[in-house]
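1. only the shape, not the letters, is given here:
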């Protein structure tokens, strides 16, 4: 399994996710309390960066289409998202967030 450094943990705030591109894929890194999550960053409904959306109560809302996704699971909770978001495995080493592009939820 190949891991890619994405950012320092200090760059991810609870209400401000970190947007990254890893091997050509747009990824959003989210912090919820002391846990971190890596999700695909493009809304499945139409092109919009979810990392520019509204983060609140463990959810992110698409800034254009009002689709709402759970940060822990990537599950589409409401709106025109059409499908769940792909989650990517994440680990922290020396305060650096690393991800691998092997999908966690098989989507």
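-> Nice, I can see it. The structure presented is a predicted model; accordingly, all values stated were derived computationally and were not measured.
2. residue 84 sits in which helix or strand?
-> For residue 84, there is no host helix or strand (DSSP states H and E).
3. distance of it from residue 69?
-> Distance, residue 84 to residue 69, by CB to CB, to the nearest Å: 8 Å. Any C-beta I mention is one placed from the backbone N, CA and C, and that applies to glycine too.
4. and these two? which has more neighbours close in?
-> Between residue 84 and residue 69, counting by other CB atoms under 10 Å, residue 69 is the more crowded of the two (27 against 18).
5. where along this protein do the strands fall?
-> 4-8, 18-22, 25-32, 35-40, 54-56, 59-61, 68-70, 76-78, 87-88, 90-93, 96-99 (DSSP state E).
6. between residue 84 and residue 69, which contacts overlap?
-> Both residue 84 and residue 69 are contacted by 75, 76, under the criterion CB atoms under 8 Å, 6 or more residues apart in numbering.
7. what's the burial count for the closest residue to residue 49 other than its chain neighbours?
-> The spatial neighbour of residue 49 that comes closest, neighbours along the chain excluded (CB to CB, 6 or more residues apart in numbering), is residue 41 at 5.4 Å. By other CB under 10 Å, the residues close to residue 41 number 24.
8. residues contacting the residue nearest the centre of the chain?
-> Central residue of the chain (CA atoms, centre = their mean): residue 39, 2.8 Å from the mean position. Residue 39 makes contact with 27, 28, 30, 50, 60, 69, 71, 74, 85, 86, 87, 88, according to CB under 8 Å, 6+ apart.
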